[in-house]
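got a structure for you, letters missing:
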């Protein structure tokens, strides 16, 4: 096999004539060089006109780099490869643009939240404290409320998903799927008001309980669990069910002993991700769980604080030492993000550990 | 993976080969009896040989049908395929050998129940018979052992039978000068010729051995191209 | 005769039992050869018509699956042989809208009779599928025992061990896996997985074994190994195989049934059934001759 030809002139004959690269090849660092050059040029122009910001520089760097790369590549490599390169550059830029808010967000929250973190933050609540105090009650509250919500949602959601995939037929199934899809779009405040109204019937107006928050979150969580569980159950190949039926296994046993174990990893991941979705919902919790300064871990007894509402409160009505309050608000947000991240990582680990290779 | 696969097929093929070669034993028996009938002018024995040829024909049909079935159901290739093709040819040779014995036995009654007119002729025929029996045994061994050299040697052994046959021709001419003995001499000549044909069939079997082993079909000795 | 709607009434709720079957218990009189000393059963199909909704898939099949013999069902794609096979263990009705007309009997009893539980039928008539499908969450041991775990009653560990060993030996897989029975079933090669599925099927000691193109996903050597195995299994079971590999049908079966479509859109029919030797040396119908000699696909 002869090495690729580096000639600049016309291509020789032979079987591979049509495959030979017409012209040369740009060096590997070409794209990076062009982007840097574009950025430098944009920076120079912006500085000259006095309107320099990093954002503007990057914004102008991309089109400049694209044009420059195209011209250079076209001259050396030919029009087709030039288009290739420019398209790759534009797609990469779009990706970077999409990532920007996320990175920026993480950066900001970390920057502003870390000053608020302290041992006190994690260990004490705000009872009887005018200034200072911690968010232990909020952390516990978030975990309890979300935990109970998951406890409600998971059995209902998974069983509904089992019904839809294993038993549902035709019209009824399509109707149910439609309604589930609608439910996934319920505004979270509506879920909160629903939970409040429900408990008001039994307990009278003004009731505030941790479990009400769980109920509201469950309303939001169930459709998500149903959809992801349904997808996972659908992936279980039909020939496994057939193998069980052919052995003379009744349907319910096939589901519990074959389908669910095979889908286990996916189901767990789906549940964890659904949990991560609703853990930060603020609006429903505002109208259901109330605001309280002391630590309460009993969902059936009185108000319960949680991180989302806590952050909102600290920001809206800071104490005398405003900055400390703001810091604590940011720290609460950071904690929430950290919990979500941990849930995601755990979900991934569980998936990798328990997933079943289906040949 | 299990140690051996398709064992039933292999066994069936081996059995059919044994059955086919076993036909040569039947031919040998027929030939022995034929020679004895010639030696003693035994008409009854000759009739037995003729009747028993049904057994050889039966063997032919039975093994032939099984081979066809094996071809249809087992899709044999390579050596198996050549073997089955060779066995089909060999079966035909065996059946012809049996028929030649019958031919000899049919002419014996024509000579009547008298003692032979010329002992030399009878001895010549017996000598041819003995050599032919050796040819048959050698052909069977060559096939069973897939020995191409042994198979090629069959040509030389058959040359002896051919020489004897030529001698027989001259002897018959000589005897035939006597008008009374002429008919007898002609009859004996027919018998000699039949035995010579048995020898040729044995050589054909040898050619099939070469085909199985080498995949090439060559005539060892072609009547139309006599070697020097 | 059952109407097409007849099987859609939820037959899972059937109360009856096949009268010639008791619950599957392990009476291990012989650890290698098997417990029940029974003769394999005959399946007879009479006037069987199969539907998918309104589509008439298989028309008027009448044939016998003979005991202790291997019957091969051959024919071009879409001619209904797999559909017919799946009707023999009531798997056909699992497809939404599927319908069955006609009579299919196991040793004289109609398996679609009123009050017959299809789950029980499937324990009597086992099936091995085209792609090996061991349960991925179970070990090799559990896979073989899954038929027992999933439908039979309680069984002692030693009884289960005996059955598992017997089934794996019967499937010619014991020597290769006896040291790793607790490893996942999916860790084996394709041929081994298929033998595992066969072991799983024979562990519940069905009367009849149905195989739907059991070797089509396997390499030639594995295929021949499975064919040898099938040749041995027929001494204990009645076996029916669907195959689109004619040489396999020729090698491995005693009887061959040729299914055919007149034209696409028409239902599949049984054209000819007879001893395999005869079908491949002198078939009765011209259509059969054309198919087996490869003159049309």
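Great, that's in hand. Keep in mind that this is a model prediction, so the values were computed, not measured.

Now for whatever residue of the stretch 151-300 of chain A ends up closest to chain C: which residues touch it?
Closest to chain C within the stretch 151-300 of chain A is residue A:248: 3.1 Å, counting by C-beta to the nearest C-beta. Heads up, the C-betas are built off the backbone N, CA and C, glycines and all. If you count contacts by C-beta atoms under 8 Å, 6 or more residues apart in numbering or on different chains, residue A:248 has them with C:119, C:120, C:121, C:122, C:123, C:124, C:147, C:150, C:151, C:204.

distance of the third one from chain B?
Separation of residue C:121 from chain B (C-beta to the nearest C-beta, to the nearest Å) stands at 32 Å.

packing partners for the helix or strand hosting that residue?
Secondary structure assigned from DSSP states H and E places residue C:121 in helix C:118-124. Under the contact criterion of 3 or more C-beta pairs under 8 Å, 6 or more residues apart in numbering or on different chains; DSSP states H and E, helix C:118-124 touches helix C:140-151.

Need the contact partners of the helix it packs on.
A:244, A:247-250, A:253-254, A:257-258, C:24, C:26, C:119, C:123, C:134-135, C:138, C:155, C:160, C:163-164, C:167-168, C:177, C:180-185, C:188, C:196, C:199-201, C:203-204.

Which ones among those map onto helices?
A:244, A:253-254, C:119, C:123, C:160, C:163-164, C:167-168, C:177, C:196, C:199-201, C:203 (DSSP state H).

Would you point out the most distant pair within those residues?
Farthest apart among the ones in helices among the contacts of helix C:140-151 by C-beta to C-beta are C:119 and C:177. That separation is 28.8 Å.

Just the buried ones out of the contacts of helix C:140-151, please.
A:244, A:247-250, A:254, A:257-258, C:24, C:26, C:119, C:123, C:134-135, C:138, C:155, C:160, C:163-164, C:167-168, C:177, C:181, C:184-185, C:188, C:196, C:199-201, C:203-204 (16 or more other C-beta atoms under 10 Å in any protein chain shown).

Helices of the chain, residue ranges please.
Picked chain A for this. A:30-49, A:54-77, A:79-113, A:119-123, A:136-162, A:170-183, A:188-203, A:210-235, A:238-246, A:251-254, A:260-278, A:283-288, A:307-316, A:322-354.

The intended chain is chain B.
Going by DSSP H, chain B shows helices at B:7-40, B:43-74, B:78-107, B:119-145, B:148-176, B:179-214.

Output the contacting helices and strands for the second one.
Pointing back at helix B:43-74 there. Helix B:43-74 sits against helix B:7-40, helix B:78-107, helix C:246-252, helix C:276-281, with contacts defined as 3+ C-beta pairs under 8 Å, 6+ apart.

Which residues of the stretch 101-250 of chain C lie near chain A?
For the stretch 101-250 of chain C, the residues in contact with chain A (C-beta under 8 Å from any C-beta of the partner chain) are C:119-124, C:126-127, C:129, C:131-137, C:146-147, C:149-151, C:186, C:193, C:197, C:200-201, C:204.

ok, of those residues, which come out buried?
In those, the ones that pass as buried (16+ other C-beta under 10 Å) are C:119-124, C:126-127, C:129, C:131-137, C:146-147, C:149-151, C:186, C:193, C:197, C:200-201, C:204.

one step back: can the helices and strands packed on helix B:43-74 go into JSON lines with extra columns for mean neighbour count and mean pLDDT?
Below are the helices and strands packed on helix B:43-74 laid out as JSON lines (neighbours: other C-beta atoms under 10 Å in any protein chain shown; pLDDT from 0 to 100):
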{"stretch": "helix B:7-40", "mean neighbour count": "18", "mean pLDDT": "93"}
{"stretch": "helix B:78-107", "mean neighbour count": "20", "mean pLDDT": "94"}
{"stretch": "helix C:246-252", "mean neighbour count": "22", "mean pLDDT": "91"}
{"stretch": "helix C:276-281", "mean neighbour count": "21", "mean pLDDT": "91"}
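
Distance to residue A:317 added to those, as a markdown table?
What follows is the helices and strands packed on helix B:43-74, written out as a markdown table (distance: least, C-beta to C-beta, whole Å):
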| stretch | distance to residue A:317 |
| --- | --- |
| helix B:7-40 | 89 |
| helix B:78-107 | 93 |
| helix C:246-252 | 81 |
| helix C:276-281 | 90 |
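
So which of the ones you listed is nearest residue A:36?
For residue A:36, the closest of these is helix C:246-252, at 65.6 Å, according to C-beta to C-beta.

how about the closest one, does it get close to chain B?
Yes. Shown here: helix C:246-252 in contact with chain B (C-beta under 8 Å from any C-beta) through C:247, C:250, C:251.

the strands in the stretch 1-150 of chain C, which residues?
C:43-52, C:55-65, C:70-74, C:98-106, C:109-110, C:125-128 (DSSP state E, counting those that start in this stretch).

Tell me which of these sits nearest to residue A:289.
strand C:98-106 (52.4 Å).

The closest one packs against which elements?
strand C:43-52.

The strand it packs on close to chain A?
No. Counting by C-beta under 8 Å from any C-beta, chain A is not contacted by strand C:43-52; separation bottoms out at 14.9 Å.

That strand pairs with which strands?
Here strand C:43-52 is paired, per DSSP bridges, with strand C:55-65 (antiparallel), strand C:98-106 (antiparallel).

Deepest-packed of those, please.
Neighbour counts (mean count of other C-beta atoms under 10 Å in any protein chain shown) averaged over each of these peak at strand C:98-106, with a mean of 21.

Can you give the distance from that one to the centre of its chain?
With C-alpha atoms, centre = their mean, to the nearest Å as the basis, strand C:98-106 stands 16 Å off its chain's centre.

What of stretch B:152-168?
14 Å.

So which bits of that stretch are buried?
Result for stretch B:152-168 [16+ other C-beta under 10 Å]: buried residues B:152, B:153, B:154, B:157, B:158, B:160, B:161, B:164, B:165, B:167, B:168.

Report pLDDT for the fifth one.
To tie it back to what came earlier, the one meant is residue B:158. For residue B:158, the pLDDT comes out at 95.

for it, what are its contacts?
If you count contacts by C-beta under 8 Å, 6+ apart, then residue B:158 has B:135, B:199, B:200, B:202, B:203, B:221 around it.
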